[in-house]
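# here is a sequence together with a model predicted from it:
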Amino acid sequence: MIPVAERIIVALDVPDAPTAWQWVQRLPQVRFWKVGLELFVAAGPGLVKDLKAQGLRVFLDLKLHDIPNTVAGACRRVTHLGADLLTVHAAGGTAMLRAAADACAREAEHLGIPAPAVLAVTLLTSLDETVLKDELLIEQSPTDYVAHLAGLALAGGVPGIVCSPHEAEAVRARLGDKLLIVTPGIRPAGAEVADQRRTCTPLQAIRAGADYLVVGRPVLAAPDPAAAFAAIVEEIAL
Ligand SMILES: O=C(O)c1cc(=O)[nH]c(=O)n1[C@@H]1O[C@H](COP(=O)(O)O)[C@@H](O)[C@H]1O
């Protein structure tokens, strides 16, 4: 069983390393942080190593999506940083997913350290059925499409996926416990939805079968971030 507080990954969507460290110091109760594109571009890979050196868990959200050889190279370099989780896009296909998982596993074995768990991002939580149909020309429902991509993740040998809580239940029903499920798009009751489209409350996400929740603005942009985090812990501990 994952300890309750560790099931909440807080997205450090901030512009630079000093701001990131301010948050880490301000919220010592957060044990799992996500470093995404904005912060990684600003602060560089050293930040991931430094967070790990503080005993924190790190989700490196780079959403890699390229030809297998290129993704494998990036995965080898990420493995040196010691991140716990790493994202790639499921839409890269099974060959790319397999290249990512194999590259992390081989490099980690070579270094004698744990490999990052590769997560395949399915359908971004900022997209809805209309965009799927009208822009991406995908006729399936988000649930069926995500379940299909989760199948690719399994076929490609990656240990987990990122999806909205709305699809977590269907993925669990079809694939059981074979994949780790990480769900962003978390909005506690009353929180602003902003650019997210497929959202759920923390408790709904856990009940749907999510292993980890990714939460950004509902904590960092809250009037009292520590209280907002505590409220989520309390909600899912019920
Ligand atoms: O891979 C992700 O973490 C991710 C996938 C996805 O489909 N949707 C999504 O919102 N995310 C990330 O989850 C975080 C959500 O932030 P908030 O909307 O502020 O809670 C952001 O850092 C996103 O980059």
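Ah, there it is.

# just the closest residue of the protein to the ligand, please.
Of all residues in the chain, the one sitting closest to the ligand is residue 216 (2.6 Å; C-beta to the nearest ligand atom). (Each C-beta comes from the backbone N, C-alpha and C, glycine too.)

# excluding covalently adjacent residues, which one is nearest to that residue?
Of all residues not flanking residue 216 in the chain, residue 11 sits nearest, at 3.4 Å (C-beta to C-beta, 6 or more residues apart in numbering).

# with residue 107 instead?
For residue 107, ignoring the flanking residues on the chain, the nearest one in space by C-beta to C-beta, 6+ apart is residue 79 at 4.0 Å.

# residue 42 now?
residue 16 (4.8 Å).

# okay, that neighbour: pLDDT?
Residue-level confidence at residue 16 comes out at 98, pLDDT.

# follow-up on the earlier one: thinking the residue nearest to residue 107 is in contact with residue 114, fair?
No: with contact defined as C-beta atoms under 8 Å, residue 79 does not count as touching residue 114 (9.1 Å).

# longest helix of this structure?
Selection of the longest helix in the chain by residue count, based on DSSP state H, yields helix 94-111.

# quick check: buried residues in that one?
By neighbour count with 16 or more other C-beta atoms under 10 Å, helix 94-111 contains the buried residues 94, 96-105, 107-108.

# and of these, the nearest to residue 75?
residue 103 (3.9 Å; C-beta to C-beta).

# pretty sure residue 124 sits in a helix.
No: counting by DSSP: H, G, I helix; E, B strand; the rest coil, residue 124 falls outside a helix, being coil.

# coming back round to it: redo the buried residues of helix 94-111 as JSON lines? Include distance to residue 180.
Formatted as JSON lines, the buried residues of helix 94-111 follow (distance: C-beta to C-beta, whole Å):
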{"residue": "94", "distance to residue 180": "18"}
{"residue": "96", "distance to residue 180": "19"}
{"residue": "97", "distance to residue 180": "14"}
{"residue": "98", "distance to residue 180": "17"}
{"residue": "99", "distance to residue 180": "19"}
{"residue": "100", "distance to residue 180": "15"}
{"residue": "101", "distance to residue 180": "13"}
{"residue": "102", "distance to residue 180": "18"}
{"residue": "103", "distance to residue 180": "19"}
{"residue": "104", "distance to residue 180": "14"}
{"residue": "105", "distance to residue 180": "15"}
{"residue": "107", "distance to residue 180": "20"}
{"residue": "108", "distance to residue 180": "17"}
